[in-house]
Structures are given as structure tokens and as C-alpha cells.
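S.K.: Prediction below, plus the sequence it came from.
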Amino acid sequence: MDKPIGIIDSGYGGLTVATEMMRQLPKESIYYVGDSKRCPYGPRTVEEVRRFTWEMINHLLEYEVKMLVIACNTATAVVLQEAREKLAIPVVGVIQPGAISAMKVTNNQHIAVIGTSGTIKSNAYPYALEAISENVKVESLACPLFVPLVEQGIVAGEEAEGIVEESLAPIKDGQFDTLILGCTHYPLLKPLIEAYLPSHVNVISSGEETAREVSSVLFHQSLNRKAAEAPTHQFFTTGAAKPFEEFARKRLSLFPAKVESITFEHRLKIER
Ligand code: DGL
């Protein structure tokens, strides 16, 4: 099926998942929406996250996406179940893939999770990990300063280092051997996070496993794109197009040919 795959995030973070999907599924067209104008979602109420997420989903449904990837942990925690029930297309989130990746590499079944306040409060990671193993020990920490830092394009240097060190200090001496980056913005800070934590700690992003799950759903449901022409990628942002393009190019070596700045207000809403 030649329709695009839709990806949503509160801003730039989902690009870490989109990059991995483009690597693992180079024939697929990707339509991405990032809500940078209203980012961060982490400190928002569940109702706000739910409403904003449906606005992004509705936008993508106008392009008849064949599948939806909620490349935002905060939105996955709130909307995944509901989106699966209400949409006629497959919906993939990032929390279960993150939990699976961590369980694959942990030796002592002691896992730490960092994420936005919303994700940590939801307990979605402990639930996902305990669904895999009863013996797992999970410690969670909210890092509310990371997303605003990344959205400003600050992913290296003294300021970023200072914030990473201060935020992770409460868990630095923990016994965990695996840390889940439970927010899709955090892989952009991975070098700083790895440098601060003891070297034996595995630092896990969910992008790779999410792309694997997308790939498996596509092939099982015969939804994979068969056209011979190159895929088209389209990026929408509620922020300005230029910084989006620069961020994608500089930080992820992505060269988005089409970036469109959008607002949701003028659109005909499909009430959910
Ligand atoms: N990338 C989003 C996530 O994975 C960030 C949420 C936010 O905007 O706070 O949770």
C-alpha cells in the first residue's frame, strides 16, 4: 500500500524515531507532525495532551495515512489505547518498544526510566516492564528540563551538561544496569547522559525497537509500500519551518525537502 505512515510528536523528539524508521524502512513515505508551538507536553494536563494529540492525528488522517506512530511517550501514555480503539489503521506507541529493548539487555533486571513528568506520573513504563517480567525492579525519574533544552537546539556544551548532571544526580549511584530514555527528545542528549552515568549502564532509546514493530506490522498486514519510485516525506510543524529544517539537518542529518508550518484552528475537526 502506497500511502504514507503518519508520525506525531510534541516537537522535534519524534524525529529520532522517524530517522530510525527511514533507516529500517527506506521505501516508506513518512508524514510527520511536530507540535513545537505547544511543546512541552510533559507538564500539561491529561486532557490537554489528549486534545492536542487528536489534533495532530486528525491532521494526518486528511492525508489518509495507513498507519500511525505516536512517537511521543507522553502522548502514548494518554492516547494509545483510545487511538487503537477508534482508528481503523494500526497504531504503534513508543513505550512498549522501549520496555522490550530494555529487557533484552538488562542482566540484573534493575531498570531506571527517565521521562517527562506526564510519562513518569502515568507509571506506563513500570506497567509495561512488569507485564514482561515479574522480577523487574524499576526506578523512575522525571527530567522536565530536557525537552525545553532540546527544542531550543541545545544538545551539547556547558549548559546542557550542567542540566543533565543536575537532573540525573538523584539516580547516579543506583544499582540499575539499564536506563530507558522514556522520551523521544532524550536520545539527542544521549552522549551527555552516557558520559555522566557509570560506563556499565546500557542507555536505551525506543526508536530502533519501534521501527522494528512498525516493520513487522507492515509486513504482517501487507501494508508495505510496493511502488518503485522514491518515497516522499512531508513534515508539518506548528512552529516555524526554518528552525525545524535546521534542527533536522544539523542534529539528525535529515534533509527534509518539505517542511510546512501549520495551525490546526482552521481545519475541519473530526470529533473523537
Ligand atoms: N517527545 C516527547 C515524549 O516522548 C516529549 C514530551 C513533551 O513535550 O514534554 O514524551
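M.R.: Thanks, I have it.

S.K.: Sketch out the low-pLDDT regions of this structure for me.
M.R.: Applying pLDDT under 70 to the chain flags the ranges 265-272.

S.K.: Spell out which residues belonging to it are near the ligand, please.
M.R.: 9-11, 13, 39-42, 72-74, 116, 119, 147, 183-185 (CB under 6 Å from any ligand atom). From N, CA and C alone the C-beta is placed, and that goes for glycine too.

S.K.: 8 Å instead?
M.R.: Proximity of the chain to the ligand (CB under 8 Å from any ligand atom) is limited to residues 9-14, 39-44, 71-76, 94, 115-116, 118-119, 144, 147, 151, 182-186.

S.K.: Please, where are all the helices along the stretch 1-150 of the chain?
M.R.: Using DSSP state H, counting those that start in this stretch, the helices found in the stretch 1-150 of the chain span residues 15-24, 46-61, 73-86, 95-105, 117-122, 124-132, 146-151.

S.K.: So which bits of the first one are buried?
M.R.: Going back to what we said before, that points to helix 15-24. Across helix 15-24, burial judged by 16 or more other CB atoms under 10 Å covers L15, T16, V17, A18, T19, E20, M21, M22.

S.K.: quick one: it to helix 95-105, angle?
M.R.: Calculated by axes from the mean of the first three to the mean of the last three CA atoms, to 10 degrees, helix 15-24 forms an angle of 70 degrees with helix 95-105.

S.K.: Helix 15-24 packs against which elements?
M.R.: Here helix 15-24 touches strand 5-9, strand 30-34, helix 207-220, helix 241-252, going by 3 or more CB pairs under 8 Å, 6 or more residues apart in numbering; DSSP states H and E.

S.K.: Quick check: which of the ones you listed is nearest to E194?
M.R.: helix 207-220 (15.8 Å; CB to CB).

S.K.: Put the alpha carbons of the closest one into CSV.
M.R.: In CSV, the C-alpha atoms belonging to helix 207-220 read as follows (Å, rounded to 0.1, in the frame of the first residue of the first chain):
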residue,chain,number,x,y,z
GLY,A,207,13.4,4.3,18.2
GLU,A,208,15.1,1.1,17.0
GLU,A,209,12.5,-1.3,18.5
THR,A,210,9.6,1.0,17.5
ALA,A,211,10.8,0.9,13.9
ARG,A,212,11.1,-2.9,14.1
GLU,A,213,7.5,-3.1,15.4
VAL,A,214,6.3,-0.9,12.6
SER,A,215,8.1,-3.1,10.1
SER,A,216,6.6,-6.2,11.5
VAL,A,217,3.0,-4.7,11.4
LEU,A,218,3.5,-3.5,7.8
PHE,A,219,4.6,-6.9,6.6
HIS,A,220,2.1,-9.0,8.5
